[in-house]
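Enquirer: Okay, here's the prediction I keep looking at, along with the sequence it came from:
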Amino acid sequence: MQITAGMVKELREQTQAGMMDCKKALVEAEGNMEKAVDILREKGLSKAAKKAGRIAAEGLVSLVVSDDKKHGAIVEINSETDFVAKNEEFKNFVSAAAELALRAKPADLAAFKASELENGKSLEVVLNEKISKIGENMTIRRFAVESQENGTVVGYVHGAGKIAVLVNLATSSDSEKLQELGKDIAMQVASMNPKYISSDDVDQEYIAHEKEILMAQAVNENEEEAAKGKKKKPMEIIEKMVIGRLNKELKEVCLLEQPFVKDSDLTVGQVVKNVAKEVGAEIVVKSTVRFEVGEGLEKKEENFAEEVAKQMGN
């Protein structure tokens with residue numbers, strides 16, 4: 001497969017590795033981007049391997065929670081430019097879409113788009129009218145609805161609609177402290193973006209994959225140290241190192257094991273237990289939903305010089 005400059009550029013932006021290292025990794029991976037990232041990680045060349053997909057598209061995320069705080073909905077709608085995302089009409093449309101998701105609780109994206117928004121018109125029809133009026137493409141990207149009859153749903157929006165989080169707490173308590181706890185957890189999720197609630201939820205395939213990467217890293221490091229004249233570590237020591245690194249990584253990706261952003265002496269799990277003791281009832285973080293505008297999407301890059309050259313016929 002031909003490795004293009006664009007592929008090398010994309011891999012470099014994802015990993016911050018050197019240009020030639022990126023090209024070699026892509027050649028070795030036969031153009032497979034994910035495999036190339038793994039190769040760079042194994043060689044210790046990726047400085048941002050855990051970074052989420054490039055945030056590039058514009059738009060807004062919005063959420064709404066029901067008056068009884070038992071249900072919540074979150075949506076993301078994208079626009080081509082940040083200028084449109086700041087438009088009041090666009091903001092109102094995104095808010096109305098969140099209200100619709102909460103009200104209709106559609107089964108999937110197709111059902112959501114087909115749901116009636118206003119005057120007998122579906123969400124998709126109204127969106128197309130906005131596109132015609134504003135003159136810019138917009139897309140309804142995703143939505144989620146959370147419900148908790150035995151507890152509460154709490155929402156938090158960060159960065160003027162760039163990140164939104166819903167937290168689902170199961171508990172028999174109806175204390176106001178749950179709202180404070182839910183908001184604290186939502187802020188934690190917005191900031192740290194955990195992949196899992198606890199280590200019990202971690203996908204075994206994820207663990208096996210990360211262990212394989214970390215083992216390759218450790219073996220490469222051991223070979224490099226030996227080449228410098230240092231004593232080679234035995235395999236059992238390397239395996240212990242890998243387990244230690246894996247456990248450290250799991251603490252970073254699991255919400256309840258993460259240090260609490262408001263007090264790093266406590267983990268999020270300890271904070272939940274402390275509040276549970278305070279309200280006299282067990283509290284379980286059932287789920288969280290985090291939407292970040294444009295997450296994993298690529299923005300069209302404009303090259304001004306090329307555009308001018310095209311217009312001049314060069």
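Expert: Happy to help now that I have it.
Enquirer: Nearest residue to residue 274 in space, please, no chain neighbours.
Expert: Counting by Cβ to Cβ, 6 or more residues apart in numbering, residue 274 lies nearest to residue 266, which is 7.7 Å off, once chain neighbours are set aside. For the C-beta atoms, the positions are set from N, CA and C on the backbone; glycine is no exception.
Enquirer: May I ask you to confirm that that neighbour belongs to a strand?
Expert: Yes. Assessed with DSSP: H, G, I helix; E, B strand; the rest coil, residue 266 lies in a strand.
Enquirer: That one contacts residue 260, correct?
Expert: Yes. Residue 266 is within contact range of residue 260, at 4.7 Å (criterion: Cβ atoms under 8 Å).
Enquirer: hang on, the earlier thing: can you give me the neighbour number for the residue nearest to residue 274?
Expert: Using other Cβ atoms under 10 Å, residue 266 has 14 neighbouring residues.
Enquirer: if I pick it, what's in contact with it?
Expert: Applying Cβ atoms under 8 Å, 6 or more residues apart in numbering, we find residue 266 in contact with 259-260, 274.
Enquirer: Just the pLDDT for it.
Expert: Among the per-residue scores, residue 266 shows a pLDDT of 96.
Enquirer: where does residue 291 land in three-state SS?
Expert: Per three-state DSSP, residue 291 ends up strand.
Enquirer: And the pLDDT at it?
Expert: Per-residue pLDDT puts residue 291 at 96.
Enquirer: which residues touch the residue nearest to it when sequence neighbours are not counted?
Expert: Distances taken as Cβ to Cβ, 6+ apart place residue 61 nearest to residue 291, at 4.4 Å, with adjacent residues excluded. Contact analysis of residue 61 by Cβ under 8 Å, 6+ apart lists 74-76, 94, 157, 161-164, 291-293.
Enquirer: repeat for residue 277
Expert: Residue 277 neighbours (Cβ under 8 Å, 6+ apart): none.
Enquirer: quick one: it and residue 60, what's the gap?
Expert: Distance, residue 277 to residue 60, by Cβ to Cβ, to the nearest Å: 38 Å.
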